[in-house]
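1. Based on what follows, work out the 3D shape:
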Amino acid sequence: MRAVGFYREHRVKLGVLLVTVLLVFWLVVAFQRSILLLGDPEPVAKAIGAGYLLLPCIGAWALIRELLFGAQTQRMARQLDDEGGLPVDDLPRTPAGRIVRAAADEAFPAYQAETEADPDNWRSWFRLSCAYDAAGDRKRARRAMRDAAKLYAQHGAGSAR
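-> So this is what the prediction gives:
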C-alpha cells in the first residue's frame, strides 16, 4: 500500500525521470554513432557524422532547458502554495477526470483581468498559465508560464513586482 502512495505522490517526477533516462541513453548512442561516422575514411560518412553530431547537442540543450524550466516552475508553485496564492482546483470534472471545458472558460476572465491589471507580477502570470492549462490551451499556458518565470527571475522570488 505504501508503494502505491509513493507512486501517486511522485508519478510526474517518475515520468520525467524515465523520459530523461531514455533521452540520455539516446543522446549517448547518437553521439557514439556520430563519432564512429566521423572516424570513417569516406568523406560522405564524415559529413553525415558531422550532421549527426548536431542531434545529441540539440537534444542535450533542450533537455537541460526543460529540466531547468520544470525546476523553476516547481519553485514558483511551492512559493505560491506557501503564500496561499495557488488557484483552487475546484472546477467540475468529467467522469474521466478532465476539467469541464465550459467551467474553465467561465473562470478564465478573472485570471486574465488580474494579469492585465498587474502585468509585472509573476504570480498573476503563473495563475493565468494554470487557467490556460485548465481551458486546454497548452501552448498559451506554456508561454504564460515562461513569462512568469522570466518575471520571477528578474524581480526576485520574494517581491510581488
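2. which residues of the protein fall in strands?
-> Under the criterion DSSP state E, the chain carries no strands.
3. where does it dip in pLDDT?
-> Along the chain, the model assigns pLDDT under 70 to residues 1-8, 156-161.
4. what does stretch 143-156 rub up against?
-> Here stretch 143-156 makes contact (C-beta atoms under 8 Å, 6 or more residues apart in numbering) with 69, 72-73, 76, 115, 120-123, 125-126, 128-129, 132, 161. C-beta coordinates here come from the backbone N, C-alpha and C atoms, glycine included.
5. which one among those residues gets closest to residue 13?
-> Set against residue 13, the nearest of the contacts of stretch 143-156 by C-beta to C-beta is residue 73 (12.8 Å).
6. What is the burial count for the nearest residue to the closest one once chain neighbours are set aside?
-> Excluding the flanking residues, the one nearest residue 73 by C-beta to C-beta, 6 or more residues apart in numbering is residue 145, at 6.0 Å. Applying other C-beta atoms under 10 Å, we find 24 residues neighbouring residue 145.
7. gap between residue 145 and residue 139?
-> Distance, residue 145 to residue 139, using C-beta to C-beta, to the nearest Å: 11 Å.
8. cool, and residue 106?
-> 21 Å.
9. Looking at those two now, which is surrounded by more residues?
-> Using other C-beta under 10 Å, the more surrounded residue of residue 106 and residue 139 is residue 106, with 12 against 8.
10. Please give me every residue in contact with the more buried one.
-> Listed by C-beta under 8 Å, 6+ apart, residue 106 has no contact partners.
11. ok, 10 Å please
-> 91, 100, 135 (C-beta atoms under 10 Å, 6 or more residues apart in numbering).
12. what do you get for residue 105?
-> Neighbours of residue 105 in contact, by C-beta under 10 Å, 6+ apart: 131, 134-137.
13. Just the buried ones from these?
-> The neighbour count (16 or more other C-beta atoms under 10 Å) marks 131, 134-135, 137 as buried among the contacts of residue 105.
14. can you tell me which of these lies nearest to residue 35?
-> residue 137 (42.2 Å).
15. List the residues that contact that closest one.
-> 104-105, 108, 129, 131, 143-144.
16. mind checking how far it is from residue 144?
-> Per C-beta to C-beta, residue 137 is found 9 Å from residue 144.
17. mind checking the backbone torsions on the residue of the chain most remote from its centre?
-> Here the chain reaches farthest from its C-alpha mean at residue 41, the gap being 42.4 Å by C-alpha atoms, centre = their mean. Dihedral pair for residue 41: phi -70, psi -20, per degrees, to the nearest 10.
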